[in-house]
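> predicted model and sequence follow; I will ask about them next.
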Amino acid sequence: MSEVLNVVKRCLSYGDDLDWCVYSQETDGIGEYISALSNAAALTGEPYGYMIWGVDTKTHEIVGTTYEGQDKESLNKNVFPAIQLRFDEDEINGKRVVVLFIPAAKIAPTAYNGVKFVRISESNENISKYPDREAALFYVLHQHQKTTDTWEKRKSKYRIKDINKNQFAQYLKKAKDAGRIAINSDDPKAILNLLEVADNDILLNAGAAIFVDSGINELEMVQFKNDDRQKAFNLDRKTGSILDLADKAVQYISKAITWHSVSDENTEKKEIPEIPIPAIREAVINAFAHRVIESRQPVDVSVYKSYIDIYSPGVFPEDIEPEEFIREMKKPRPRNPLSTQTLYYSKDMETFATGLKRISTACNEAGVKYEFIRETFGFTVRLYRNGEEEWKQAIVQEPPFVPDEPKERLKTSETPEIQENKDIEFQDRLTAILEKLEENPRLSRERLAQELNLSRHKVRSALDKLKQDGIIHYGHIDGHGQWIID
């Protein structure tokens, strides 16, 4: 029995009561179905969700179809994480039937255009409207990750002989100079097995990603004349090891930005970049280390007239703001712990969960503005370029003197009545947020902002106050993250 025939017979045997199978006449706009069926399959323990053409949507009779399928790359364009879609066809009772095989979500809910869909009463619905279903999906995905090998730890098709030997030698020297690898041997097999990124002669995926010049990692680099995405030039796309591509990205940006000659107190001239190189490298290496590697999405470097964007296809945790990693020590949440641990030994990455703080520190010391941006499918570090005059003011000139008295007047310029009204408004905001969290403790900051018609900044300030006062904290219950009212 063919796979198509087996799927169709099985789906028909269940009647109408299926969330993971749809009989379709659609030929365009099926992205929402892909998201909904992938998530539904995960929820029900099915390996795939299915769209079937050639079966009547009401009577379920085999009627045949002329649908030819679609290009998988275009279908996957707005789907994240990318999944391996597959069309197959067969004749049933002399009539052509086409099936789209949609893998169940595994590492994260499958989203289309940034929205996670699920099947509800024969329609595709935003799963955020159904907190119980959303919580169940996250729990299933969490359990799946606990009970299966992660992508990093699976054996790759590469062997130790395939590593970039020069890159490995540089890595090992840095690790020994840092005192983080204290073994006399320089033998790659001994070192890589010690690092647990190899199993005898075979590299695990983490080892292959870091040390092999392969197609596992991709880097796209482009420059734009202005701050829009018009008039692109110097487009470059490369594949290789994480270490090699990180070097290439830093070199590309270094050539694209402006360097300034500065004389020090000994009248010796030094070349200073408008953006500190340590911040650039930290952003690049983190973009590779924290992305969803198995999605095969590239790291993007875009150089604009006024800023540089370094984009990683790895979504930032929803329950925390990037700035919190700068203000205080936070428990690390590495997406690829084996890779980040390996890069820690060579100081290519420093102590876990300090990457954003290191970028912030380097930029602040150089007088460079920076920004961390959540994207629909990833995370962007934006580093602003300093124009010639702005650079001179930020680096060369002393900051202007501002007397204390006017600053004090600014602080106390509001009347007591205005300040009292603001205090009341803030207290009302705290109460409203607490009421929402009592109704649904799994609400994200974004959802709270939407439901209360507040800015994310106001929501974050209120949550920080509630945490500071010991009223709430964020934790995990049954494997799912949520706000806990103390």
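Structure's in. What do you need?

> count the neighbours of Tyr158 for me.
Residues near Tyr158, counting by other Cβ atoms under 10 Å, number 20. Glycine gets a C-beta too; all of them are placed from N, C-alpha and C.

> which residue, other than its chain neighbours, is closest to Asp257?
To be clear, residue 257 is Ile; Asp isn't right here. Glu274 (5.3 Å; Cβ to Cβ, 6 or more residues apart in numbering).

> contacts only, for the one you found.
By Cβ atoms under 8 Å, 6 or more residues apart in numbering, the residues touching Glu274 are Ile257, Thr258, Trp259, His260, Val368, Arg385, Asn386, Trp391.

> lowest-confidence member of those, which is it?
Among those, Trp391 carries the weakest pLDDT, at 44.

> flag the shaky bits of the stretch 251-400 of the chain, pLDDT-wise.
263-268, 294-296, 315, 317-320, 328-333, 350-353, 376, 387-400 (pLDDT under 70).

> break down it into its helices, ranges please.
Ranges of helices in the stretch 251-400 of the chain, per DSSP state H, counting those that start in this stretch, are 277-289, 322-327, 337-345, 355-366, 388-391.

> gap between Asn126 and Leu172?
49 Å (Cβ to Cβ, to the nearest Å).

> neighbour count winner among the two?
Using other Cβ under 10 Å as the criterion, Asn126 and Leu172 rank with Leu172 on top: 19 against 15.

> correct me, but the more buried one touches Ile191?
Yes: under the criterion of Cβ atoms under 8 Å, Leu172 makes contact with Ile191 at 6.3 Å.

> which parts of stretch 218-225 are buried?
Glu218, Leu219, Glu220, Met221, Val222, Gln223, Phe224 (16 or more other Cβ atoms under 10 Å).

> cool, stretch 10-19 as well?
For stretch 10-19, using 16+ other Cβ under 10 Å, the buried residues are Cys11, Leu12, Leu18, Asp19.

> again with stretch 175-186
Buried-residue list, stretch 175-186, by 16+ other Cβ under 10 Å: Ala175, Lys176, Ile181.

> ends of it, how far apart?
12 Å (Cα to Cα, to the nearest Å).

> mean confidence for stretch 236-247?
92.

> centre of the chain to it, how far?
19 Å (Cα atoms, centre = their mean, to the nearest Å).

> what of stretch 464-478?
24 Å.

> over to stretch 101-120?
16 Å.

> show the average pLDDT along it.
87.

> once you drop chain neighbours, what's closest to Lys248?
Nearest to Lys248 is Lys238, by Cβ to Cβ, 6+ apart, at 5.9 Å.

> which ones are touching that neighbour?
Lys238 touches Glu218, Leu219, Met221, Leu245, Lys248, counting by Cβ under 8 Å, 6+ apart.

> so it sits in a helix?
No: in this structure, Lys238 is strand, not part of a helix, as judged by DSSP: H, G, I helix; E, B strand; the rest coil.

> bridge partners for it, pull those for me.
Bridge pairing for Lys238 (DSSP bridges) gives the partners Leu219.

> do the same with Val79
Tyr112.

> how about Leu383?
Applying DSSP bridges, one finds that Leu383 bridges with Ile308, Tyr370.

> mind listing what it touches?
Counting by Cβ under 8 Å, 6+ apart, Leu383 has contacts Ile275, Ala279, Ile280, Ala283, Tyr307, Ile308, Ile310, Cys363, Val368, Tyr370.

> out of these, which is nearest to Phe101?
Ile310 (34.9 Å; Cβ to Cβ).

> tell me how many other residues crowd that closest one.
24.

> how does this structure divide up, domain by domain?
As assigned by automatic domain parsing, the chain contains the domains 3-147, 217-396, 418-485.

> distance to Leu195 added to the ones you listed, as TSV?
Conversion of the domains of the chain to TSV gives the following (distance: least, Cβ to Cβ, whole Å):
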stretch	distance to Leu195
domain 3-147	22
domain 217-396	5
domain 418-485	29
